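Novice: pasted the sequence and its predicted model underneath.
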Amino acid sequence: MSSALLVAMLLQGSAAAAPSKLRPVPTSYRALVAGKAGESFRDVAKVAVVDTPTLEEDEVLIQVTYAGVNGGCETFRARGEHAFAGNKQQADFALGAEGVGIVAAVGGEVTNVAVGDAVCFVNAAFAEYTTSKAQMLWKIPEATPEYVGLRISAFTSCAMLEKTGAIQKGEKVLITAAAGGAGHYAIQIAKANGCFVVGTTSSERKAQVLRDLGVDAVVNYKDEDCAEAFAKLCPDSFDVILEGVSGACSRRRSGR
């Protein structure tokens, strides 16, 4: 894990909640599942009682403490689209993309985590318990809310900026949808790398969040023409752009 991502982990989130205690492993637990693929999460989600599975040798059972709501993942999962196309042929498939919890049991070959460890995970997060391959887990200091977004949102931003974008100190970086799940991590990662960072967003409330995270300049695309604002801020253009809008983000002010 990069030093910039570690900084983002420390800076992001609200005050830590009290750590959860490990409970005895039950024979069954409640989970949100989809009876079948449908038009939306609302259409398909239902509460089910799931038998606690027998772990494979390389698997871990996790007592879930907090789950994240990743809108794109949950919509595609519920509809059976893109990476989740196989859900169209499945019944009672799990819901929930990312979360944190405490290791409640481990398979016989697991050595990287132990019972009682706090971890973040990806898989079936909308449940009281979930399973994961041990090698897919990240150990964290506590299973508290500020770590929920690490595995998807933070990892995506870190990979795009530090690996694909290869950002360097002093470079000018533009991040669209900067107040979103991936965007707010991207702001912190780019600043930790010493970049000049511009973020776009849609309201003053979100803009203040970005300022609190250390962004150098904010462009509100509902009040400003993005092209004009970018030209003033970075007349020689940006070195790296992390684009999370997938479409035009500029809206001209009324009367123009």
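Specialist: That came through fine. Residues are numbered from 1 along each chain as shown.
Novice: can you pull out the helices in the stretch 151-256 of the chain?
Specialist: Here the stretch 151-256 of the chain has its helices, by DSSP state H, counting those that start in this stretch, at 155-158, 181-192, 204-212, 226-233.
Novice: I'd like to know which elements the last one is packed against.
Specialist: I take that to be helix 226-233. strand 196-201, strand 217-220 (3 or more Cβ pairs under 8 Å, 6 or more residues apart in numbering; DSSP states H and E). (C-beta placed from N, C-alpha, C; glycine too.)
Novice: now with 10 Å?
Specialist: Where contact means 3 or more Cβ pairs under 10 Å, 6 or more residues apart in numbering; DSSP states H and E, helix 226-233 is packed against strand 172-175, strand 196-201, strand 217-220.
Novice: hang on, the earlier thing: return the most buried member of the helices of the stretch 151-256 of the chain.
Specialist: Of all the helices of the stretch 151-256 of the chain, helix 181-192 has the most neighbours on average by mean count of other Cβ atoms under 10 Å, namely a mean of 26.
Novice: now it - C-alpha only, CSV.
Specialist: This file holds the C-alpha atoms of helix 181-192, laid out as CSV (Å, rounded to 0.1, in the frame of the first residue of the first chain):
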residue,chain,number,x,y,z
GLY,A,181,-16.6,8.3,-2.9
ALA,A,182,-13.6,7.9,-5.2
GLY,A,183,-13.1,11.7,-5.7
HIS,A,184,-12.7,12.7,-2.0
TYR,A,185,-10.0,10.0,-1.6
ALA,A,186,-8.4,11.3,-4.9
ILE,A,187,-8.1,14.8,-3.5
GLN,A,188,-6.2,13.5,-0.5
ILE,A,189,-3.9,11.2,-2.5
ALA,A,190,-3.0,13.9,-5.0
LYS,A,191,-2.3,16.4,-2.2
ALA,A,192,-0.2,13.8,-0.3
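Novice: mind putting the helices of the stretch 151-256 of the chain in a markdown table, mean pLDDT and distance to Glu74 included?
Specialist: Formatted as a markdown table, the helices of the stretch 151-256 of the chain follow (pLDDT from 0 to 100; distance: least, Cβ to Cβ, whole Å):
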| stretch | mean pLDDT | distance to Glu74 |
| --- | --- | --- |
| helix 155-158 | 93 | 16 |
| helix 181-192 | 94 | 12 |
| helix 204-212 | 94 | 22 |
| helix 226-233 | 90 | 29 |
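Novice: all set, thanks.
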